[in-house]
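Chemist: sharing a sequence plus its predicted fold:
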Amino acid sequence: MCRILSGILVIETTPVVISQSVAILVDGNNIERSIHSETNTPNTMLNFDTLVPRLLGNRGLNRLIYFREGKQISSKLKERLHSNYHGSVRPCHKSADIPLSIKATQLSNKVDTIIIMSGDSDFVELVRHLKAEGVRVEIAAVPATTSRMLTEEADYFHAITQDDWFTLEVKKPPRKKTAKSKV
């Protein structure tokens, strides 16, 4: 709508309401290795409380699934993802690539955007397939360990930086007192 106010043309805009549904699929092993490579410490973890809102912007979260190889998955992570995001953790027999790809394909007609958290070039063909199905595909990963082919194929790239992780302080066990021998 336009109107003239004191001789000046004023254009009034109506706010745009964005109602996109987003699925975030995390290749846990890939992201963990990337962060550990950047920090040189295995005690560094993603801060989902800052990262997820940044990835979503003003879009709605449909689901968050954290795929991770192996059965040793933190129960605290499972609980936190479930309670804060209704998310889930899926243990994978080997690599997360196949289970994540299957889930992305299953979700392609249920969401507007899929954010794949991985820098692995193995996902290039998945990105191409999802885009052909009409899904917006975004990649979120650590730039130094992300395939250039993957970022070029995606609709958007979110850099995961030190603002998106934290390092757990590891408490060292107290030193045992040793008896001094008398000489």
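Modeler: Nice, thanks for sending it over.

Chemist: residue contacts, the residue nearest in space to the middle of the chain?
Modeler: Centroid-nearest residue in the chain, with C-alpha atoms, centre = their mean: residue 117, separated by 4.2 Å. Residue 117 is in contact with 24, 25, 26, 27, 30, 31, 139, 140, 141, 160, counting by C-beta atoms under 8 Å, 6 or more residues apart in numbering. For the C-beta atoms, the positions are set from N, CA and C on the backbone; glycine is no exception.

Chemist: just the buried ones among these, please.
Modeler: With burial judged by 16 or more other C-beta atoms under 10 Å, the buried subset of the contacts of residue 117 is 24, 25, 26, 27, 30, 31, 139, 140, 141, 160.

Chemist: just give me the closest of those residues to residue 86.
Modeler: Among these, residue 24 lies closest to residue 86 (C-beta to C-beta), at 11.6 Å.

Chemist: in this structure the closest one contacts residue 60, no?
Modeler: No. Counting by C-beta atoms under 8 Å, residue 24 does not reach residue 60; the two are 11.5 Å apart.

Chemist: for the protein, just list every one of the helices.
Modeler: For the chain, applying DSSP state H gives helices covering 28-39, 48-56, 75-85, 97-107, 124-132, 148-153.

Chemist: out of the ones you listed, deepest packed?
Modeler: Highest mean neighbour count among those (mean count of other C-beta atoms under 10 Å): helix 28-39, with a mean of 19.

Chemist: could you pull out the buried residues of the longest strand belonging to the chain?
Modeler: Longest strand in the chain, counting residues (DSSP state E): strand 60-69. Neighbour counts over strand 60-69 (16+ other C-beta under 10 Å) mark 61, 62, 63, 64, 65, 66, 67, 68, 69 as buried.
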